[in-house]
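S.K.: All I have is the shape, not the residue letters:
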């Protein structure tokens, strides 16, 4: 009997690997002779680096970079192991690690001055280590600079009308006149960039980066208007600059209206324009990278889960991605969560066979989080007992 365990993390409580370990422990106490394969996965958001490093037996690289407010912060990225991804050298970076909102206290949030420079430093470090493929997870950023800070870290010069280098931040882009790419990091040409992006916002306008995401980063209504205008100018200059440029033998087009260009404060446009990156749903990137379809082949059961199962799980979250792959091979899926909402039963109509909450009774949140490991083990043990009864029938 082959049982595949492919959960996401339980946010604020357990990593995806810790979740997988407790599920395995619970099942093994009932079905000790089964073959177990643990594949911690994620959907491209928070925790993706750790999940993919754990799944591939890779490594974490830690370094100090320039944070969103221009001061040093501690950040990290992952280099994936060869167990599941073959011989290609792949790194995975979460933008939030270097340029995330968690680096900025509420009273200091101001997307007119925050920069994505630190994310560019992580990319540079990976390139300098010989990485040939970089996966970047967008989301959780404190920035609205269109990836300008990242570009500056990669050797691109953003200049005003007098030829002076721009300061960092979204507002500075209103003074942009020229983009000089002659010092762009040379190894970018040899690297493939794939970006996990689960939003479809364009760069500018009432559905753009500034209007939709700016307020949560501290933007006032007046600031939203000025930031949107600055990003429009930025996109205009980029379009002129890259009109005849090529990266990896591909001509770069004006992509300001491409779905996802407005993701992470416009970083979506930045990675497409300067890195020729491909934007894809995060869960698809993760599952392709760890070759989930190959790993679950021949399984009798797949177990997945996340911290909360609800109607939003349908929209690109880990359990549904795993379920889609498992169902394509006729494999049943059980989902386990810390919390199951009132509308979660709709997941049963989309391929999940059964859903379970690990919370035994009404408890304060701190108690739920503190006891997650034990509750996950006992719930898994009980699910395994039910499954064993089914096998005997």
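M.R.: Great, that's in hand. Keep in mind that what you see is a predicted model, and the values were worked out from it rather than measured.
S.K.: can you pull the buried residues of stretch 258-269?
M.R.: If you call a residue buried by 16 or more other Cβ atoms under 10 Å, then stretch 258-269 has these buried ones: 258, 260, 261, 262, 263, 264, 265, 266, 267, 268, 269. (Each C-beta comes from the backbone N, C-alpha and C, glycine too.)
S.K.: And these, which is closest to residue 328?
M.R.: Of all those, residue 328 sits closest to residue 260, with 25.7 Å by Cβ to Cβ.
S.K.: Residue 195 versus that closest one, what's the distance?
M.R.: 8 Å (Cβ to Cβ, to the nearest Å).
S.K.: Check residue 312 too.
M.R.: 21 Å.
S.K.: Those two: which has the busier surroundings?
M.R.: residue 195 (27 against 13; other Cβ atoms under 10 Å).
S.K.: Downstream of the strand or helix carrying the more buried one, the next helix or strand is which one?
M.R.: Here residue 195 sits within strand 192-196, counting by DSSP states H and E. Using DSSP H and E, the helix or strand that directly follows strand 192-196 along the chain is helix 209-213.
S.K.: Beyond that following helix, next helix or strand please.
M.R.: That would be, after helix 209-213 and using DSSP H and E, helix 221-241.
S.K.: which other residues reach that following helix?
M.R.: 110-112, 144, 146, 148, 170-174, 176-179, 181, 203-205, 208-211, 214-215, 219, 254, 256, 266, 269, 273 (Cβ atoms under 8 Å, 6 or more residues apart in numbering).
S.K.: Pull out the buried members of those.
M.R.: Looks like the contacts of helix 221-241 have 110-112, 144, 146, 148, 170-174, 176, 179, 181, 203-205, 208-211, 214, 219, 254, 256, 266, 269, 273 buried, using 16+ other Cβ under 10 Å.
S.K.: Quick one: mean pLDDT over stretch 186-206.
M.R.: Averaging pLDDT along stretch 186-206 gives 94.
S.K.: how long is that stretch end to end?
M.R.: 37 Å (Cα to Cα, to the nearest Å).
S.K.: How far does it sit from its chain's centre?
M.R.: Centroid separation for stretch 186-206 versus its chain: 12 Å, with Cα atoms, centre = their mean, to the nearest Å.
S.K.: Over to stretch 113-121?
M.R.: 17 Å.
S.K.: Check stretch 315-323 too.
M.R.: Centroid separation for stretch 315-323 versus its chain: 14 Å, with Cα atoms, centre = their mean.
S.K.: contact partners of that stretch?
M.R.: Counting by Cβ under 8 Å, 6+ apart, 6-8, 41-43, 198, 281-284, 286-287, 292, 302, 304-306, 309, 313-314, 333, 335, 347, 350-352 sit against stretch 315-323.
S.K.: So which of the residues you listed sit within helices?
M.R.: The helices, defined by DSSP state H, take in 282, 283, 284, 286, 287, 292 from the contacts of stretch 315-323.
S.K.: Spatially, which residue comes closest to the second one, not counting chain neighbours?
M.R.: The one in question is residue 283. residue 321 (3.6 Å; Cβ to Cβ, 6 or more residues apart in numbering).
S.K.: got it, and the third one?
M.R.: Sequence neighbours aside, residue 321 is the residue nearest to residue 284 in space, at 7.1 Å (criterion: Cβ to Cβ, 6+ apart).
S.K.: Report the buried residues of the helix or strand that contains that neighbour.
M.R.: Element membership for residue 321 (DSSP H and E) is helix 318-328. Neighbour-count burial for helix 318-328 flags 318, 319, 320, 321, 322, 323, 324, 325, 326, 327 (criterion: 16+ other Cβ under 10 Å).
S.K.: Report pLDDT for the fourth one.
M.R.: The reference is to residue 321. In this model, residue 321 carries a pLDDT of 93.
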